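> here you go, sequence then predicted model.
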Amino acid sequence: MTLLLASPALLLIAVVFGWPMLRYAWLSFHAHSVLTGLEPMANGGANWLRLAVDQRFWLDAGQTARFALISVGLELLLALAIALLLHQRWRGRGAVRALTLLPWALPTTMMALGWRWIFNSPYGPIEVLARSLGLNSLDLLSTPSITWLVTVFADVWKTTPFITLILLAGLQSIPEDLYGAFRLEGGTPVQALRSVTLPLLLPYILLSLLFRLAQAFGVFDLVQVLTGGGPAGSTESIALYAYFNGMRFLDFGYSSTVMLAGFLLLTSLILVGTLLLKSFGVLRHIDP
Amino acid sequence: MTRGLMTRRSLLIALVLIWSLGPMLWQLLSSFTTAEALVNDELSFWSRWTLNNYRDLLITDPPFWRYLFNSSFVASLTTLLTLMLAIPAAYGMAKLPHRLKGSLRAAVVGAALFPYVLLFLALLELARTFSLGNNLIAISIPYSALSMPLALLLLTAAFEALPNDLEDAARLEGLSLSQRLRWVLLPLIAPASASTAILVFLFAWNEYPLALTWLSRSDLLTLPVAIARIAGSSTYSVPFGTYAAATVLGAIPLLVLVLVFQRQIVSGLTNGAIKG
């Protein structure tokens, strides 16, 4: 009876999350593009062989991993600092907490275009500022070695509030007495941070890391609107490459292969990360 | 606390606020700036300002408020559909035997973590097969499915936190399952439902890849897609003033929502992450 109540919702999840994966697995062994008249035709492992030597895919995979690791790393550091500040008691704290949440709530595409204006060369405010300081044009959005940092910046701006919230909840779960005891024994605030706060915050840190890494690995909205994957493909992510294959080149067989490969890469990244943490003994104190 | 520490803290708070709000305020400023002043900083202060960017939004075809309406419609419908399915499902899941519940929950957590953009191609195929494209009602079905994992985690946790005696007493009073849900349990999980509702609403309002592929008729676009379409023109011809006005109008409903429902959002996000 109770299972019956749950079944419509669970069925919907199974169809919308499960079916695509099965379909991709099947399509990845078929040619399905304009060349086959948009009909699937079995082609053995040709898609996977193509993927194995597809330099663009591996470049994108590296870029996606770089984007995800660096964005989430910076977000974590910044969120920790902001959470420590917002955890202290001071007047107006509630209002500031609400205001810092705003970037998280806006659609990614909206601010992505906003950033395009702010980093615009030569008219955006950053360029104007650089000029008034006597610097040369920065060309932040058209220099392959730099533009990916702009995407990292935009992601950090938008999703830091999410991690801040999780860490704030963690900070609130630490009993005040612990700090009192620590002070009585002559510990400094910095030592308290290291030996009380951070260890107790660890489950919250790992949790937000896991969630954010998975989401950042699927980055799409931001790069599609902010850079379109450019310049010279330097900000193209796996999801964007799959999107181009499907919607621009109408190659559904290969697009499916790319998405499935992206999913497998992400899963193995998370597995390796978990194993590493385990082997360093970090997960020992945490309930599964 | 010493004076020096307090000034240092005020300084840090100011920095955090500038970081969070600065880019948005810049958009606000740009939205009132004339196209010429955006590219020419020599103009005198008094000739820089205009309301034309906002006027331009109202005379486009379709007018801008149409996208606001589409987004509100899709987000409301998605929220309603998700809650209607998730509340009974969460009740059912909370009552399942321990082992089965554990494995179902693991699957739901996995789905909540999944970067859903990877699903878009197969979902688009389904939309084509069943003629669901360009339909604001139809798109709320995948939206509900995508929000379902978080909704289930939040609501199951809420049902589990209720004492069993309460429902037993209602059962002894002769209330049927649907009566118990409606009159006893639903009011008790209202806070969790409110948190779920606001998070689902925000997700549907902001969703991009599915809206981009399912909706192509210009009068049916949701806000994120309509705004991104402006970017479809080349980098140099993006009408940034009009665009900034669009972001301001599009952001206002969200800003109001976040400020009003701040508490629900915070408890939803933290509970969703921690209990999930």
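Thanks, I have it. A quick note: this is a predicted structure, and the numbers were derived from the prediction, not measured.
> taking the stretch 101-250 of chain A, what residue is nearest to chain B?
Using CB to the nearest CB, the closest approach of the stretch 101-250 of chain A to chain B is made by residue A:218 at 2.4 Å. The C-beta positions use only the backbone N, C-alpha and C, and glycine is treated the same way.
> quick check on that residue: phi, psi?
phi -90, psi 20 (degrees, to the nearest 10).
> count the neighbours of residue B:97 for me.
Residue B:97 has 9 neighbours, counted by other CB atoms under 10 Å in any protein chain shown.
> make that residue B:155, sorry
26.
> that one is in contact with residue B:191, isn't it?
No: the pair residue B:155 / residue B:191 is not scored as a contact, 10.9 Å apart, by CB atoms under 8 Å.
> show the pLDDT at the residue of the stretch 101-250 of chain A closest to chain B.
pLDDT recorded at residue A:218 is 93.
> that one against residue A:243, yeah?
No: contact criterion CB under 8 Å: residue A:218 and residue A:243 do not qualify, at 11.2 Å.
> which stretches in the stretch 51-200 of chain B count as helices?
Per DSSP state H, counting those that start in this stretch, the stretch 51-200 of chain B carries helices over the ranges B:52-59, B:65-94, B:98-113, B:120-129, B:140-160, B:164-172, B:177-179, B:186-188, B:190-206.
> got CSV for these, with mean pLDDT too?
CSV is the format used below for those (pLDDT from 0 to 100):
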stretch, mean pLDDT
helix B:52-59, 81
helix B:65-94, 94
helix B:98-113, 89
helix B:120-129, 93
helix B:140-160, 93
helix B:164-172, 84
helix B:177-179, 83
helix B:186-188, 89
helix B:190-206, 91
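> give me whichever of the ones you listed is most buried.
Highest mean neighbour count among these (mean count of other CB atoms under 10 Å in any protein chain shown): helix B:140-160, with a mean of 25.
> is chain A within reach of that one?
Yes: against chain A, helix B:140-160 shows contacts by CB under 8 Å from any CB of the partner chain at B:141, B:142, B:144, B:145, B:146, B:148, B:149, B:152.
> what about residue A:257, which helix or strand?
Assigned by DSSP states H and E, residue A:257 belongs to helix A:252-279.
> which residue comes closest to residue B:195 once chain neighbours are left out?
Spatial nearest neighbour of residue B:195, chain neighbours left out: residue B:268 (3.1 Å); criterion: CB to CB, 6 or more residues apart in numbering or on different chains.
> could you list the low-pLDDT ranges of chain A?
Across chain A, residues meeting the criterion (pLDDT under 70) sit at A:281-288.
> repeat the analysis, applying 50 as the threshold.
Low-confidence segments of chain A (pLDDT under 50): A:287-288.
> check which helix or strand covers the residue most central in space within chain A.
Closest residue to the average C-alpha location of chain A: residue A:216 at 1.4 Å, with CA atoms, centre = their mean. Residue A:216 belongs to helix A:198-217 when assigned by DSSP H and E.
> list the buried ones in that helix?
Buried positions in helix A:198-217, judged by neighbour count with 16 or more other CB atoms under 10 Å in any protein chain shown: A:200-217.
> which residues are contacting that helix?
Helix A:198-217 is touched from outside by A:64-65, A:67-69, A:71-72, A:75-76, A:79-80, A:155, A:159, A:162-163, A:166-167, A:169-171, A:173-174, A:178, A:238, A:262, A:265-266, A:269-270, A:273, A:277, A:282-283, A:285-286, B:113-115, B:273-274, with contacts defined as CB atoms under 8 Å, 6 or more residues apart in numbering or on different chains.
> could you identify the longest helix within chain A?
Taking DSSP state H as the criterion, chain A has its longest helix at helix A:55-87.
> that one near chain B at all?
Yes: judged by CB under 8 Å from any CB, helix A:55-87 and chain B are in contact via A:82, A:85.
> what's that helix packed up against?
In terms of contacts (3 or more CB pairs under 8 Å, 6 or more residues apart in numbering or on different chains; DSSP states H and E), helix A:55-87 is packed against helix A:93-105, helix A:144-172, helix A:198-217, helix A:238-243, helix A:252-279, helix B:3-31.
> just name the most buried of these.
Highest mean neighbour count of those: helix A:238-243, a mean of 25 (counted as mean count of other CB under 10 Å).
> so does that helix get close to chain B?
Yes: using CB under 8 Å from any CB, we find that helix A:238-243 touches chain B at A:239, A:242, A:243.
> from the residues you listed, which is closest to residue B:98?
Nearest to residue B:98 among the residues of helix A:238-243 next to chain B is residue A:239, at 37.1 Å by CB to CB.
> list the contacts for that closest one?
Counted by CB under 8 Å, 6+ apart, residue A:239 has contacts A:64, A:218, A:219, A:220, A:259, A:262, B:115, B:117, B:118, B:209.
> relative to chain A, how far out is the residue most central in space within chain B?
Nearest to the geometric centre of chain B sits residue B:202, at 1.1 Å (CA atoms, centre = their mean). Distance of residue B:202 to chain A, given as CB to the nearest CB, to the nearest Å: 6 Å.
> is it true that that residue touches residue B:253?
No: taking contacts as CB under 8 Å, residue B:202 lies outside contact range of residue B:253: 10.6 Å.
> what about whichever residue of chain B sits closest to chain A, neighbour count?
Nearest to chain A in chain B, going by CB to the nearest CB, is residue B:115, at a distance of 2.4 Å. Residue B:115 has 20 neighbours, counted by other CB under 10 Å.
> same question for residue A:51.
Residue A:51 sits with 17 neighbouring residues when counted by other CB under 10 Å.
> hmm, who's touching the helix or strand hosting it?
Using DSSP H and E, residue A:51 sits within helix A:46-52. If you take CB under 8 Å, 6+ apart as the criterion, helix A:46-52 is touched by A:28, A:29, A:30, A:31, A:57, A:253, A:254, A:256, A:257, A:258, A:261.
> at 7 Å what do you get?
Helix A:46-52 is contacted from outside by A:28, A:29, A:31, A:57, A:253, A:254, A:257, A:258, A:261, using CB atoms under 7 Å, 6 or more residues apart in numbering or on different chains.
> same deal with stretch B:186-203?
For stretch B:186-203, contacts defined as CB under 7 Å, 6+ apart pick out A:105, B:75, B:78-79, B:82-83, B:86-87, B:147, B:150-151, B:154-155, B:158-159, B:162, B:257, B:261, B:264-265, B:267-268.
> ok, stretch A:110-127 near chain B or not?
Yes: interface with chain B: stretch A:110-127 contributes A:110, A:111, A:113, A:114, A:116, A:117, A:118, A:123, A:125 (CB under 7 Å from any CB of the partner chain).
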